[in-house]
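J.: got a structure for you, letters missing:
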């Protein structure tokens with residue numbers, strides 16, 4: 001099964017957003033040969049590492065590879081990897097990032113309306 005297929009299975013379990021992100025990241029990390037994987041969130045204009053799997057990067061470390069996570073045209077997070085994946089895997093990671101977008105809305109302003117992913 002593809003990376004994005006496994007991420008869809010995680011989402012379909014219907015857990016809380018934090019649980020979905022952690023489980024999806026665990027699955028992605030298991031599929032990609034990289035020392036670490038993380039989801040970094042856009043907070044006050046800067047990227048802040050959230051869930052992390054593997055050997056933590058040094059403070060201020062940049063990922064070797066990044067996939068933007070975009071919600072309604074705005075980058076809200078990024079999937080960060082500590083190594084560049086095989087070219088065949090990149091499209092799967094991009095589709096996985098798109099699936100995770102609604103669950104990465106840290107501090108998203110809903111204008112007082114109830115938010116449903």
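T.: Now that the structure is in, tell me what you want to look at. Keep in mind it's a predicted model, so treat the numbers as computed, not measured.

J.: just for the chain, where's the confidence low?
T.: Across the chain, residues meeting the criterion (pLDDT under 70) sit at 57, 59-61, 106-117.

J.: quick one: the strands in it?
T.: Listed from the start of the chain, the chain has strands (DSSP state E) covering 36-43, 46-54, 65-71, 74-81.

J.: So for residue 25, which of those sits nearest?
T.: In this view, the strands of the chain are compared for proximity to residue 25 by Cβ to Cβ, and strand 46-54 is the closest at 5.0 Å. Bear in mind the C-beta positions are built from the backbone N, C-alpha and C, glycine included.

J.: Need the contact partners of the closest one.
T.: Defining contact as Cβ atoms under 8 Å, 6 or more residues apart in numbering, one finds that strand 46-54 is touched by 18, 21-22, 25-26, 29, 34-42, 57, 77-78, 80, 82, 106.

J.: Could I get the buried residue list for it?
T.: The neighbour-count criterion (16 or more other Cβ atoms under 10 Å) identifies 47, 49-53 as the buried residues of strand 46-54.

J.: picking that back up, can you add distance to residue 95 and give the strands of the chain back as JSON lines?
T.: What follows is those, written out as JSON lines (distance: least, Cβ to Cβ, whole Å):
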{"stretch": "strand 36-43", "distance to residue 95": "15"}
{"stretch": "strand 46-54", "distance to residue 95": "19"}
{"stretch": "strand 65-71", "distance to residue 95": "10"}
{"stretch": "strand 74-81", "distance to residue 95": "11"}
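
J.: Of all the ones you listed, which one is nearest residue 90?
T.: Comparing the strands of the chain by their distance to residue 90 (Cβ to Cβ), the top pick is strand 65-71, with 7.8 Å.
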